[in-house]
Each structure stands twice: as C-alpha cells, then as structure tokens.
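Participant: Output the structure for:
(one chain, ligands or ions: 1)
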Amino acid sequence: MNYAENILETIGNTPLVKLNKLTEELPCLVLSKYETFNPGNSVKDRMALQMIEDAEADGRLKPGGTIIEGTSGNTGMGLALAAIIKGYKCIFVMADKQSKEKVDILKAVGAEVVVCPTAVEPEDPRSYYSVSKRLGEEIPNSWYVNQYDNPSNAKAHFLSTGPEIWEQTEGKITHFVVGVGTGGTISGVGKYLKSKNPNVKVWGVDTYGSVFKKYHETGEFDENEIYPYITEGIGEDILPKNVDFSIIDGFTKVTDKDAAVYTQRLAKEEGMFLGNSAGAAIKGVLQLKEHFTKDDVVVVLFHDHGSRYVGKMFNDDWMREQNFIE
Ligand code: PMP
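Facilitator: All right, here's what the predicted structure looks like:
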C-alpha cells in the first residue's frame, strides 16, 4: 500500500504547469510552480511546518503550547494543519481587509481568529503586528511565530521549493518570478537557484502601496510609497528580515486592477483557479517581457487557491464596485 502517515507528509512535490494562452506574446517557455496542490492549498504549508519543527527542536514551542501569528490566512492554514496533527492550539491575528472566507476557513480548522484594523500604523497598538506580539507576551506557554523575521520561513523554500524547481526544470530555469510578502519564498528559492547557477535571474512582484521596489532600487525606506491597496498576499509597509534584497535582480509593480483582472483571466483562459497574487505574478511576468529571449525558461510561482477570493476577485459585482471591470 502507498499512503501518507498523515496530511503533513503530503506537503510539497507540487507540479510544474505550462502557461499557454496568457503568455502567447512572450518568446519563451513559462512554467508555473503550482502550489495550490499543497494540503492547505498554498505554498505556506511548507514554511509553516518548517517554522514549527525548528521551534520544537530548540524548545521555543513546547507540548500543548499555543501558536500565535499575524497571518492573512495561508500561513494560518499551514500552521493550523500542523497544530492539529501535533497537538497545539492556534490564535491568528488578521487585518480587516482580508476576505471573510479566509477568516471562516481558519475557524474551520480549529483556530481562534482576532481581526484588527488595516488602516493603522504598524507601531499602533491596534495593528495586527502589535496585537500578535502582545498576545505572545500575555498567553502562557505560547509561541509567537513571526513569519516576517523567522529564518525558518526562507529556509523551508531553500530546502524544498528551490530544489524541486531546479530538478523539475532539469537545471534549465533562467528566470524565477514571484510575488513578495514576507520574502520567504523569493529569498529561499532564489538563494537555492543562484547556488546552483548564479546566472538565474530572480524577479520580485510588488504592489503599488508597498516599499520593496523603491527600497531595492535606492536603499531608501520611503514612507511616501506606503498607502492602502487591494491586492492580497504581497507588498509590505515594513522590511521583513526574510527579504534578502541581495539575491533579487529587480522588482516590478502590478496595479490592483491588473492583479484582479489577471486573476480572473488565469481561471477563464488557463483553467487555473488561483488567488489574487497569482494574477499579480503572471502580470508581472508579462511586464518583464523585455528581459526574456526565446531560449529562456521562466518559472512563476502561484501561491494559493481561488476559493479564498470568491467574494472579491471572482465576484463581478465587487469587481465593478472597484472599477476593475465595466
Ligand atoms: N501570495 C499569497 C497569497 C500569500 O499568502 C503570500 C504570503 N504573504 C505571498 C503571496 C507572498 O509570499 P512570501 O510571504 O513568501 O513572500
């Protein structure tokens, strides 16, 4: 018989799937690392398990403990699945701009969810950064994960996602394109790919309203770059320790409208029912067109599943309210 001992053993080894219609205008092969095949439907299962196992190993997380994290949903799902198998409690702190589906999904896997306002400074005591930190200090036998600065996040991608992409492309990958939030995915995968071939180019996809692109180009943390935006999962108003700017060759910024429209197009034209950051990522690939030649092999990573966005990017009334469609 061939079976996994538990759901955690099914994390990783996701397929690489060719893009066909949306990339017709590009000269090269474009492949997607299709992370929704993970049991929690996102790439975040990988780093959630790694963060828990590293915290168990050095005693930060003890038996019966409570896992606390500020999460927009996908990291929470990964942590919750691992917590169920390993016997921990979970409390997640989310910003109120996240979709209701994301909150409901986390509750469905046994987590407690605390919702905080989006439109406050990170230092504000009501922000989700501050609230998660405070709960971590107040609740006994708890562990505050902090995916932004936790090195196990990028490590997971250096140990699993990166090697999988290298092997699946038989070392032929020339460009890696991915949305950047905590930076764990781009830094871990990028570092691994460059360790195998320093000529591989690593491109980050950023949002308007986020600091990454400007910081990468000028070294300046420009507060004027920070304003509210709609795209979910990518962009930040802080510089997480997990973003290793030294391995990133460049950033491209995608508008909220383009990210939403391309999320719909992936579903309708490629049969790829994916999250909002996948729309941003594929539009980012198209924006980087001038960097690609016919022999290139471009891999774009798609982080999560469309089911989490049915009330938003897959709802035409919502799309019209945002003026994203006529
Ligand atoms: N897309 C989605 C849907 C996400 O949840 C995340 C994580 N915030 C990202 C992209 C960005 O990934 P990373 O945090 O590894 O940079």
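Participant: near the ligand, which residues of this protein show up?
Facilitator: 44, 72, 74, 179-186, 233-234, 275, 277, 303-304 (CB under 6 Å from any ligand atom). C-betas here are computed from N, CA, C, even on glycine.
Participant: pLDDT below threshold where in the protein?
Facilitator: 72 (pLDDT under 70).
Participant: again, only using 80
Facilitator: 72, 97-99, 101, 122 (pLDDT under 80).
Participant: What segments of it are strands?
Facilitator: 16-18, 29-34, 66-70, 89-95, 112-116, 142-144, 175-179, 201-207, 250-254, 297-302 (DSSP state E).
Participant: Show me what counts as buried in the second one.
Facilitator: Yep, that's strand 29-34 we're talking about. Residues of strand 29-34 classed as buried: L29, V30, L31, S32, K33, Y34 (neighbour count, 16 or more other CB atoms under 10 Å).
Participant: domain parsing for the protein?
Facilitator: By the assignment in the TED database, the chain contains the domains 5-36+158-320, 41-142.
Participant: what about the shortest one, distance to the chain center?
Facilitator: Relative to its parent chain, domain 41-142 has a centroid offset of 15 Å by CA atoms, centre = their mean, to the nearest Å.
Participant: just stretch 230-248 next, same as before
Facilitator: 10 Å.
Participant: Next: stretch 155-173.
Facilitator: 17 Å.
Participant: Tell me, how many residues neighbour P63?
Facilitator: 9 (other CB atoms under 10 Å).
Participant: ok, now E121?
Facilitator: Neighbours of E121 (other CB under 10 Å): 12.
Participant: can you give me phi and psi for it?
Facilitator: phi -60, psi 150 (degrees, to the nearest 10).
Participant: P228 too?
Facilitator: Taking degrees, to the nearest 10, you get phi -60, psi 140 for the backbone angles of P228.
Participant: and whatever residue of the stretch 1-150 of the chain ends up closest to the ligand, what does it touch?
Facilitator: Residue nearest to the ligand within the stretch 1-150 of the chain: N74 (3.9 Å; CB to the nearest ligand atom). Counting by CB atoms under 8 Å, 6 or more residues apart in numbering, N74 touches G40, N41, S42, V43, K44, G233, H303, D304, R308.
Participant: Might one say that the fourth one is in contact with A278?
Facilitator: No: V43 is not in contact with A278 according to CB atoms under 8 Å; the separation is 10.7 Å.
Participant: shared neighbours of these two, anything?
Facilitator: Residues within reach of V43 and of A278 at once, by CB under 8 Å, 6+ apart, are H303, D304.
Participant: These two: who's more crowded?
Facilitator: V43 (33 against 30).
Participant: before we move on, the earlier item: deepest-packed of the strands of the chain, please.
Facilitator: Counting by mean count of other CB atoms under 10 Å, strand 175-179 has the highest mean neighbour count of those, with a mean of 27.
Participant: give the contact list for V131.
Facilitator: V131 touches G70, V93, V114, C116, P125, counting by CB under 8 Å, 6+ apart.
Participant: Could you single out the nearest of those residues to V297?
Facilitator: Closest approach between these and V297, by CB to CB: G70, at 35.7 Å.
Participant: What is the burial count for the residue nearest to the closest one when sequence neighbours are not counted?
Facilitator: What sits nearest to G70 in space, not counting adjacent residues and going by CB to CB, 6 or more residues apart in numbering, is S132, at 3.9 Å. A total of 22 residues lie near S132 under the criterion other CB under 10 Å.
Participant: is it true that S132 touches T75?
Facilitator: No: judged on CB under 8 Å, S132 makes no contact with T75 at a distance of 11.4 Å.
Participant: residues bridging contact with the two, i.e. touching both?
Facilitator: Common neighbours of S132 and T75 (CB under 8 Å, 6+ apart) are E69.
Participant: one step back: what would the domains of the chain look like in JSON lines with distance to E326?
Facilitator: Formatted as JSON lines, the domains of the chain follow (distance: least, CB to CB, whole Å):
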{"stretch": "domain 5-36+158-320", "distance to E326": "8"}
{"stretch": "domain 41-142", "distance to E326": "23"}
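Participant: To N150, which of these lies closest?
Facilitator: When those are compared by CB to CB, domain 41-142 sits nearest N150, at 5.5 Å.
Participant: Show the end-to-end separation of the closest one, please.
Facilitator: 26 Å (CA to CA, to the nearest Å).
Participant: hang on, the earlier thing: ok, the residue nearest to G70 - contacts?
Facilitator: I68, E69, G70, V93, Y144, N146.
Participant: now V103
Facilitator: Taking CB under 8 Å, 6+ apart, one finds G73, M94, V113, V115 in contact with V103.
Participant: Could you dump those residues into CSV and include distance to A82?
Facilitator: Converted to CSV, the contacts of V103 look like this (distance: CB to CB, whole Å):
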residue, distance to A82
G73, 15
M94, 18
V113, 17
V115, 23
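Participant: returning to what we had before: distance of the residue nearest to G70 relative to Q50?
Facilitator: 19 Å (CB to CB, to the nearest Å).
Participant: try T71
Facilitator: Counting by CB to CB, the gap from T71 to Q50 is 15 Å.
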